[in-house]
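> Here is the input, now give the coordinates:
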Amino acid sequence: MPSVRTWAVSTTSGEVVRGYLPWWAEDDPSRTGVRLDRLHHELAGILHQADRGGLLLPVAAGADPAQVSGVLVVTIDCIPFTEAGDPDLPVVNVQVVDDWWIKDLDPTGVTDLGRRLQALGDRLTGAVAPELAAARADWAARHRPHGPTG
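Residues are numbered from 1 along each chain as shown. Got it, this is the predicted structure:
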């Protein structure tokens with residue numbers, strides 16, 4: 001395991017708050033020159049996060065044209081200074097698309113989601129894709145477009 005890292009927020013009046021910076025966190029939230037009256041706000045905004053990937057896919061809302069967007073984007077997140085009732089342990093959050101999330105997954109929840117997505121992938125490749133290929137072949141063989149007849 002990598003060496004222990006820490007972060008520090010120091011105020012203009014000399015107070016310093018330090019905390020553990022997880023080895024997996026991508027950004028160091030350290031700050032200097034924070035006004036003492038803003039210290040609570042700075043601490044509340046600390047988020048340890050690690051991007052763990054996702055998919056870029058063309059998605060559309062209703063009849064709008066498709067736009068490439070992040071789908072099933074996975075992050076490990078930890079908020080060290082939480083509101084009452086919020087988890088203060090690292091969790092996985094999955095951005096389904098836009099502002100739709102699967103939130104606060106623990107290791108069991110991540111495993112369950114992974115198994116469900118794997119089952120969906122197996123169903124897509126093993127059943128849906130062959131069924132679609134058969135449906136398209138049938139359509140091409142039997143469909144006659146409506147139009148002028150000669």
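
> where along the chain do the strands fall?
Assignment of strands within the chain using DSSP state E yields the ranges 5-11, 16-21, 31-34, 48-51, 55-59, 67-71, 73-78, 91-97, 100-105.

> Buried ones in the second one, by neighbour count?
Same thing as strand 16-21. For strand 16-21, a neighbour-count test (16 or more other Cβ atoms under 10 Å) marks 17, 19, 21 as buried. C-beta: built from backbone N, CA, C; applies to glycine.

> The last one and residue 31: what is the separation?
To residue 31, residue 21 is 13 Å away according to Cβ to Cβ, to the nearest Å.

> same deal with the second one?
Summarising the geometry, the distance separating residue 19 from residue 31, computed by Cβ to Cβ, is 12 Å.

> again, but for residue 7
Remark: distance between residue 7 and residue 31 (Cβ to Cβ) = 9 Å.

> Over to residue 77?
Residue 77 is 19 Å from residue 31, by Cβ to Cβ.

> Also residue 85?
Between residue 85 and residue 31 the computed distance is 27 Å (Cβ to Cβ).

> Please say which of those two ends up with more neighbours.
Neighbour count, other Cβ atoms under 10 Å: between residue 85 and residue 31, residue 31 has more, with 18 against 5.

> Compute the distance from the centre of the longest helix seen in the chain to the centre of its chain.
As assigned by DSSP state H, the longest helix anywhere in the chain is helix 107-123. From the chain centre to the centre of helix 107-123 is a distance of 15 Å (Cα atoms, centre = their mean, to the nearest Å).

> Thanks again, I'm all set now.
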